[in-house]
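**Student:** predicted coordinates and the sequence they were generated for:
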Amino acid sequence: MDEDSMTTQQRTDDMITEEGSSTESDAERLIKEAAQTLGAKQTNQCYCGTERILGKMEMQCVGCYRWFHEKCLSISIPRCVPFMMNYAFICKKCNANSCELFQKKTAGFSQVSITALANLLFKSREDGTNKNMFSRDKEIIPWIDSNWELLMTGPRRVTQTWHTTILKTLQKESSLFINQDDVYFGLVDPDLYGIMPSYDASSKLQLLRTQENQQTRRGPKRKLPDGQTVPGGKCKLKSDLVMPRLPAHGYPNEHPFNKDGYHYFLAEPDPHAPFKQEFDESVDWAGKPIPGWLYRKLEPEKVLLAMHDRAPQLKISDDRLSVTGDKGYSMVRATHGVTEGSWYFEAIIQDLPDNSAARIGYSMPLGNLQAPLGYDRFGYSWRSRKGTKFHQSLGKHFSAGFGKGDVVGFLIELPRSSDKVKLPTTYKERPLVKFKQYLYYEDADKATQAVKNLVELKGSRVSFFKNGKLEGVAFENLYEGTYYPAISLYKNATIKANFGPRFRFPPRGYKYRAISEAVQQNMVEQTMADMIYLVENEQQFKVEALNF
C-alpha cells in the first residue's frame, strides 16, 4: 500500500483520543494525579482489604482511587487485560446507589502501547528473562493483535495501517517510551504499579451520568418472549447484554429444570454477534424480545454433575461431583457429552444402604430424568443390585453386583459415523426466557420424533469395569447420538463421579480419553456451530432488516 492510500486510515487512527480533559487546570491535574497515586499505593485495596495482584485484571475506582480485584466484584465485566487504562470504574462505596459501574472507553494508541509493554514486561519478569526492551514487530504488534478485542471497543481493523500508527506513537511519546533504533521500545517508568486509567475531574460525573441515562432513556422495560420483563431495582447493570456473576460452582443457585418436555440452556452474551451495541442503546427496540442470536449457550469450564439436567429431588454436593438419591429412581447427567471417540469415567460408591440401588452408565439428552437409567432407548446402565445391565427397560444378567467402597468404570467407544464432522445444535433461533436475572434458551424435546430417527452406530460399545477389572462389553451397536455420563439412584444412595484426568483404576490396554477432556472439544465445536450460523444468516442481521 503506498503513502497516499494510507493517509486516510492513518488520520483516522491519529484521531482516536485518550481519556482526559483539556479544560482541566494544571493545579487540578496535579492534585488528581497525587490522589490517584496515593490511592494506588495504599495496602488495604479492594473490599477484601488485601493488596494488589499484578498480572491479574484489577480496576481503579474513580472515586476513592483504590484498586479492586475482578474476582471480588458483584458485577461481571467484559473480558479485559491486565494494566488496561481505557475504562472508568466506580466501587459500591463511592456510588450513592451502592452498586458498581464499569464502562470501557475508546483506547488511544498511547494507552494501548503502554498496556502492551506492561504485559510484556510483567511476563518477562515472571519467566526470569527480565527484559526491558521489546521488538515492535516481533513482540509489541503481535501482542496487540492477539488481544485486539479485549483492548478495543471497535471492530478489528481490516488493514494494517495501525502498525504504522503504533510506531509513530512509540517514537513521538518520548516521555512515555524508550526508543532504541526505532526497533526496540520500553517504558520510561517501569513501575507497573503506576499504570492506571486516565481519570480527570469529570470522569466520575460522566460515569454516573451514563448510569442515569441508562435508567431513564430506555422507555418501557424490554420484554422477554414469555412476557416477563427485566426486573427493576435500586441498581441496574449498564447493559442487558451483561451477564450477572455466577456462583462459585458455576451455575445459578435458582434455575429452571429440564422437565415437562422442555430443556433449558444457560445463555451468555455472544462476543461475536453483530449489532450488540446498537441493540443495547436503541430506544426503538425497547419492549421487544431479545433476539437469541445475540447470545450463545454457555459452555461450562469443567465436567461436573449438571444442576439443571437432573431430577429436582436429587441432592448435588457443593463440588458438584457427588449425588444422593431420594425415594424412587431418578437421574442426573453430567454437563458434557461426547459423540465420537473413546471416553472413560469412574463412579465411587460412597454409600449404598440396604434397599437402595444405583444404575450408572451413559444417557443421551432425552433420557427420562424421573426414571432409572436404561428405562428408555436413550440410556445404557449397570445396576448395583445383582449386576444387571439395562437398556429400554430390559434387564439382563451381566456380572456380580457392586456395593459401598467399590469403584466402577465406564468406557464408551463411538466410531465416527461418516467423514463429516457433526457439529452440535446452535440455539440462536430458540426463544430466550428469563429466570432470576439469568437468560436461558428454551428448547422443546420432540422425543417422539427422536425415537423414530434413531439409527444404530456400528462398532460402538460400552464396557464396564469394577475396581480396575474388566467385567466385559455390556452393549454393542448403540444408537447414534451424544452420550453423557449419567447416574440414577433409588432411595438414599450416594455416588461420587470421577471424570478424570486421574483415575483410581485407569483401564489398562485401552486407548481412551478422560471425560474431563471433553470441555475444550465441546467449546470449540459449539463455537464453530454458532459462528457458522452467524455467517450463514448474516443478511438477516442488518439493522434495517430487524423485525422483532
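**Tutor:** Perfect, thanks for sending it.

**Student:** residue boundaries of the helices in this structure?
**Tutor:** For the chain, applying DSSP state H gives helices covering 3-15, 26-41, 109-127, 141-146, 148-151, 161-172, 203-216, 276-281, 447-452, 518-536.

**Student:** residues in contact with stretch 391-407?
**Tutor:** 346-352, 374-377, 379-390, 408, 464, 466-468, 471-472, 474-475, 498, 504-505 (C-beta atoms under 8 Å, 6 or more residues apart in numbering). For every residue, glycine as well, the C-beta is placed using N, CA and C.

**Student:** least confident of the helices of the chain, on average?
**Tutor:** Mean pLDDT is lowest for helix 3-15 out of the helices of the chain, coming in at a mean of 42.

**Student:** if I look at residue 158, how far off is residue 148?
**Tutor:** 12 Å (C-beta to C-beta, to the nearest Å).

**Student:** quick one, which of those two is more surrounded?
**Tutor:** Each of residue 158 and residue 148 has its neighbours counted (other C-beta atoms under 10 Å); residue 148 has more, 15 against 7.

**Student:** ok, now which ones touch that one?
**Tutor:** Counting by C-beta under 8 Å, 6+ apart, residue 148 has contacts 156, 157.

**Student:** and it, how far from residue 122?
**Tutor:** 19 Å.

**Student:** okay, now the unreliable bits of the protein?
**Tutor:** Residues of the chain meeting the criterion pLDDT under 70: 1-44, 200-242, 276-288, 419-420, 541-548.

**Student:** would you mind giving the domain segments of this protein?
**Tutor:** 123-190, 305-426+454-517 (automatic domain parsing).

**Student:** what about residue 192, neighbour count?
**Tutor:** 18.

**Student:** against residue 84, how distant is it?
**Tutor:** 12 Å.

**Student:** can you check residue 369 too?
**Tutor:** 44 Å.

**Student:** ok, residue 360 next?
**Tutor:** Counting by C-beta to C-beta, the gap from residue 360 to residue 84 is 47 Å.

**Student:** same question, residue 505
**Tutor:** 47 Å.

**Student:** more crowded one of these two?
**Tutor:** A count of neighbours by other C-beta under 10 Å puts residue 84 above the other of residue 505 and residue 84, at 24 against 15.

**Student:** settle this for me: that one is touching residue 151, isn't it.
**Tutor:** Yes - contact criterion C-beta atoms under 8 Å: residue 84 and residue 151 qualify, at 6.9 Å.

**Student:** spatially nearest residue to residue 306 (excluding sequence neighbours)?
**Tutor:** Closest residue in space to residue 306, ignoring its immediate chain neighbours: residue 335 at 5.0 Å, by C-beta to C-beta, 6 or more residues apart in numbering.

**Student:** which residues does that neighbour contact?
**Tutor:** Applying C-beta under 8 Å, 6+ apart to residue 335 gives the contacts 300, 302, 303, 304, 305, 306, 309.

**Student:** give me the subset of the residues you listed lying in strands.
**Tutor:** 305, 306, 309 (DSSP state E).

**Student:** ok, which stretches of the stretch 151-300 of the chain are strands?
**Tutor:** Assigned by DSSP state E, counting those that start in this stretch, the stretch 151-300 of the chain shows strands spanning 177-180, 184-187, 262-269, 295-297.

**Student:** what packs against the longest one?
**Tutor:** Using 3 or more C-beta pairs under 8 Å, 6 or more residues apart in numbering; DSSP states H and E as the contact definition, the elements that strand 262-269 packs against are strand 295-297, strand 305-310, strand 432-435, strand 438-444.

**Student:** mind checking which of those is nearest residue 528?
**Tutor:** Judged by C-beta to C-beta, the one of those that comes nearest to residue 528 is strand 295-297, at 11.6 Å.

**Student:** would you map the strands across the stretch 351-500 of the chain?
**Tutor:** Assigned by DSSP E, counting those that start in this stretch, the stretch 351-500 of the chain shows strands spanning 357-363, 379-383, 388-391, 394-397, 407-414, 432-435, 438-444, 461-466, 469-476, 484-490, 494-498.

**Student:** please identify the most buried of the helices and strands packed on strand 262-269.
**Tutor:** strand 295-297 (a mean of 25; mean count of other C-beta atoms under 10 Å).

**Student:** pull up the pairing partners for it, direction included.
**Tutor:** strand 262-269 (antiparallel) (DSSP bridges).

**Student:** now do the buried residues in the partner strand.
**Tutor:** Using 16 or more other C-beta atoms under 10 Å as the test for burial, strand 262-269 gives 263, 264, 265, 266, 267, 268, 269.

**Student:** what's the angle between it and strand 305-310?
**Tutor:** Interaxial angle, strand 262-269 versus strand 305-310 (axes from the mean of the first three to the mean of the last three C-alpha atoms, to 10 degrees): 130 degrees.
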